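Novice: fold the following, please.
(one chain, ligands or ions: 1)
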Amino acid sequence: QHHPRVPAFDAVVIGAGFSGLYMLHRLREAGFSARAYEAGDGVGGVWYWNRYPGARCDSDSIYYNYTFSDELIQEWTWSSRYPEQPEILRYLNFVADKFDLRRDIQFETRVTSAHYDEGQNRWNIQLDDGSSVSATYFISGVGCLSAANIPIFKGLESFKGDWYHTGHWPHEPVDFKGKRVGVIGNGSSGVQSIPVIAQEAAHLTVFQRTPQYTIPARNHPYDPDFIEQTKKNFGEIKQKMWDSWGGIPVAPSMRSALEDTPEERQAKYDAAWAKGGFSLSYSYSDLTFNEAANDTVAEFIREKIRETVHNPEVAQKLLPRYYFGTKRPILDTHYFETYNRENVTLVDVKQTPIEEITPNGLRTTEAEHELDILVFATGYDGMTGPLLKIDIRGKNGVTLKEKWEDGAQTRTYLGIANAGFPNFFMITGPESPSVLTTMPLAIEQHVEWIADCLCYLRDHRIDKIEATEEAEETWSKHCSEIAESTLYTKTDSWYTGANIAGKPRRFLIYLGGFGVYRKICDDIAAKGYEGFSLLASRDAVK
Ligand code: NA7
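Specialist: Below is the predicted model:
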């Protein structure tokens, strides 16, 4: 039996971001005892940590929220199409207050390990405050992009200035006035922060490794009539979101880019460019499948870069060459225009690699750049990284790391469960549609599926559920096959793990679309959790 002084819950949840908050709510509503642990001193998850200048959402905010409560939809109003981080954090605080969630969250506490005890059928969970708890069900809401990647550069410890990673930004705003600033990286975080930092800093040097496609966001305040209509029709919008490919109520085109004439394509791309957001990605059906189709949109964006950037040499360095859309698409506000500023320098670190960080700045093979502040916009160990930071051990003491990395492949069942790890659930784990869906929606679907599953187990007097090896193998193979039929796997990105040195290369997202995935999950549940073995261990333990 577990130690009487160790608190015991039906479920322990890691994290108090979009995932952890809603999971906690559903568990409590269903009558389970639950506790969430959160490293930050407030709710919000990635929206708590990402406070860098210019940080904002790049999904239309009216779709980037929970859909489970119509009351919540009616009560909350987004100011603009792509709100800034503080507004999203306010939303999550509003949710935490509305559903009185804080009383079951322990803040400033990290889960350091979680070990499954087969004899007791319980998870023993160790916290970084030295205490431990136990739970029948262990649920991860750690997020997909929360383990910061700070590449190892020689000499960082000698740097006399200040340095920051975008995902661990200080609460006090960083003052760039009069400073020489360097930014390494130009993914979404770099592209959002670079134009804002450039306006304030004395000088900004951008260290770019791979030029990126980025599309104007065209952010704007919402018209009150539009908000009113959205709220009025949200039931219908919600249904479309839940049936969609990527979580927004817009159907992708069914037409090949190669079926249109160059003039027709140009007109379509121009319209999408003017509209901003991800509409360009939705222009045709085959942009991520067919190289020739992809090249039409890639060349369209390259032409926009040549038109925008005045210095042809700088423009040349900014031209992306990979398949459009196979790295996470980026939205920007005056990104390419920023390179027309006198106080901005672009350094191509593929041509002249970074050699070391020096006390006074950063040296490439070509020159030393003097810097007062260095910003790492270098991304994340995506999907698996946040889970592997925790010492998670399933049956026979096997670690999740051993299961996923030492054996040649990361395998999961539905991106929710793992063979060998009974009663462990991952919200938006690897091999689910997660990051290619509007995140809050992908999260809601998993949370509801997990909560329903726990209710089913309780109703059937079962308290042990584990994915079978066969079901897992079939799912992983299915994920890989879909990915291999696209251009996604041909590009180095965090989708494939290629951004982290030594990480096994695997495409870790289910690409069949959210609507299809949801039906698969529902179908599996309806068949009494097909692909899982269910066991009533309760009586055996007593
Ligand atoms: P990303 O998209 O992974 O971008 C990281 C950037 O940092 C990217 O430009 C990388 O170049 C660059 N990088 C990473 N390591 C290095 C080293 N060692 N040297 C030079 N440059 C490096 O992370 P973000 O934070 O921008 O965005 C993450 C997600 O958050 C985003 O996709 C949205 O979903 C929200 P590379 O392209 O790898 O050559």
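Novice: what sits against the closest residue to the ligand within the stretch 251-400 of the chain?
Specialist: Minimum separation of the stretch 251-400 of the chain from the ligand (Cβ to the nearest ligand atom) falls at G379, amounting to 2.5 Å. The C-beta positions use only the backbone N, C-alpha and C, and glycine is treated the same way. Neighbour list for G379: L145, A148, N149, G185, G187, S189, W494, N499 [criterion: Cβ atoms under 8 Å, 6 or more residues apart in numbering].
Novice: want to throw those into CSV with neighbour count, secondary structure and pLDDT?
Specialist: Output for those, formatted as CSV (neighbours: other Cβ atoms under 10 Å; DSSP: H, G, I helix; E, B strand; the rest coil; pLDDT from 0 to 100):
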residue, neighbour count, secondary structure, pLDDT
L145, 24, coil, 97
A148, 17, strand, 97
N149, 20, coil, 98
G185, 27, coil, 98
G187, 21, coil, 98
S189, 26, helix, 98
W494, 23, coil, 96
N499, 22, coil, 95
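Novice: now render those residues as TSV, adding distance to D459.
Specialist: Shown next, in TSV, are these (distance: Cβ to Cβ, whole Å):
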residue	distance to D459
L145	36
A148	41
N149	43
G185	49
G187	45
S189	45
W494	40
N499	44
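Novice: those helices in the stretch 251-400 of the chain, which residues are they?
Specialist: Under the criterion DSSP state H, counting those that start in this stretch, helices of the stretch 251-400 of the chain are mapped to 262-275, 291-308, 312-318, 335-338, 385-388, 400-401.
Novice: and the contacts of the fourth one?
Specialist: In this case it means helix 335-338. Residues from elsewhere that reach helix 335-338, judged by Cβ under 8 Å, 6+ apart: V191, I194, P195, A198, T214, K304, I305, T308, V309, L318, V344.
Novice: could you rerun that using 10 Å?
Specialist: 54, 186, 190-192, 194-199, 204, 206, 212, 214-217, 301, 304-310, 314-315, 318, 332, 344, 346 (Cβ atoms under 10 Å, 6 or more residues apart in numbering).
Novice: which single residue of the stretch 101-250 of the chain ends up nearest the ligand?
Specialist: Residue of the stretch 101-250 of the chain nearest the ligand, by Cβ to the nearest ligand atom: G187 (2.2 Å).
Novice: list the contacts for that residue?
Specialist: Listed by Cβ under 10 Å, 6+ apart, the contact partners of G187 are 166, 210, 212, 214, 327-328, 330, 377-380, 493-494, 499.
Novice: most neighbours among those, which one?
Specialist: Within the contacts of G187, most neighbours by other Cβ atoms under 10 Å means T166, with 27 neighbours.
Novice: I figured that one hits N186, correct?
Specialist: No - assessed by Cβ atoms under 10 Å, T166 is found out of contact with N186, at 11.5 Å.
Novice: what about the longest helix in this protein?
Specialist: Of all segments of type helix in the chain, defined using DSSP state H, the longest is helix 439-459.
Novice: other residues contacting the very next helix or strand once past that one?
Specialist: Sequence order places strand 464-467 as the next helix or strand after helix 439-459, per DSSP states H and E. Residues outside strand 464-467 that contact it (Cβ under 10 Å, 6+ apart): 116, 118, 121, 136-137, 394-395, 411-414, 416-425, 453-454, 456-457, 475, 529, 531-538, 540-541.
Novice: what's the next secondary structure element after strand 464-467?
Specialist: helix 469-484.
Novice: burial count for the nearest residue to A292 once chain neighbours are set aside?
Specialist: Leaving aside its sequence neighbours, A292 sits nearest to L258 (Cβ to Cβ, 6 or more residues apart in numbering; 6.1 Å). Here the count is done by other Cβ under 10 Å, and L258 has 12 residues near it.
Novice: list the contacts for the nearest residue to E118 once chain neighbours are set aside?
Specialist: In this structure, E118 finds its nearest non-sequential neighbour in K395, 5.7 Å apart by Cβ to Cβ, 6+ apart. By Cβ under 10 Å, 6+ apart, the contact set of K395 is Y116, D117, E118, A419, G420, F421, P422, E466.
Novice: same check on F18?
Specialist: F18 neighbours (Cβ under 10 Å, 6+ apart): 43-47, 64-66, 88, 91-92, 95, 141, 143, 427-428, 439-444, 447.
Novice: could you check the pLDDT of it?
Specialist: Predicted confidence (pLDDT) at F18: the value is 98.
Novice: likewise for P252?
Specialist: So P252 comes in at 84 (pLDDT).
Novice: pretty sure it sits against F289.
Specialist: No - P252 is beyond contact range of F289, at 11.6 Å (criterion: Cβ under 10 Å).
Novice: which SS class is E172?
Specialist: Following DSSP: H, G, I helix; E, B strand; the rest coil, E172 is assigned to coil.
Novice: residues from the stretch 301-450 of the chain in reach of the ligand?
Specialist: Within the stretch 301-450 of the chain, the positions lying close to the ligand (Cβ under 6 Å from any ligand atom) are R328, V349, A377, T378, G379, Y380, V435.
Novice: as a markdown table, those residues with pLDDT and distance to N360 would be great.
Specialist: Output for these, formatted as a markdown table (pLDDT from 0 to 100; distance: Cβ to Cβ, whole Å):
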| residue | pLDDT | distance to N360 |
| --- | --- | --- |
| R328 | 95 | 34 |
| V349 | 98 | 18 |
| A377 | 98 | 21 |
| T378 | 98 | 21 |
| G379 | 98 | 26 |
| Y380 | 98 | 29 |
| V435 | 94 | 38 |
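Novice: contacts only, for the closest residue to I301 other than its chain neighbours.
Specialist: Closest residue to I301 apart from its sequence neighbours, by Cβ to Cβ, 6+ apart: Y213 at 4.9 Å. Residues near Y213 by Cβ under 10 Å, 6+ apart: 280-281, 297-298, 300-302, 304-305, 319-327, 329-330.
Novice: understood, closing this out.
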